[in-house]
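# how would this look folded up:
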Amino acid sequence: MIEIKSKLRRWGNSFGIVVPQSALKEDTRIRENEEVVVMIIKNKPNLRKFFGAHKFKKPVEQMMREIDKELYNE
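Residues are numbered from 1 along each chain as shown. The predicted structure follows:
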């Protein structure tokens with residue numbers, strides 16, 4: 001499997017992607033005119049790297065209780 005990032009480009013009434021030749025050199029089994037399967041995933045920010053990065057003054061559980069109290073009058 002080869003993973004690359006490429007921008008979707010308009011070609012007439014279609015869209016296409018460009019696969020750099022350097023990416024194909026990694027896997028010599030893929031040749032010109034061969035059929036391939038492409039999985040398209042929209043690039044989303046990786047939120048995992050931000051998880052736990054911000055330090056709050058209050059514990060998260062306390063903030064959640066305060067939010068519940070405000071929203072649901074609990």
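# Off-centre distance for the helix-or-strand element of the chain with minimal mean pLDDT?
Using mean pLDDT, DSSP states H and E, the weakest-scoring helix or strand in the chain turns out to be helix 21-26, at a mean of 78. Between the centre of helix 21-26 and the centre of its host chain there is 22 Å, according to Cα atoms, centre = their mean, to the nearest Å.
# One more: stretch 49-66?
25 Å.
# what does that stretch contact?
For stretch 49-66, contacts defined as Cβ atoms under 8 Å, 6 or more residues apart in numbering pick out no residues. The way it works is simple: take the backbone N, C-alpha and C, and place the C-beta from them, glycine included.
# now that stretch: mean pLDDT?
For stretch 49-66, mean pLDDT rounds to 81.
# distance between the ends of it?
End-to-end distance for stretch 49-66, by Cα to Cα, to the nearest Å: 26 Å.
# how about the least confident helix or strand of the chain: buried residues?
residue 24 (16 or more other Cβ atoms under 10 Å).
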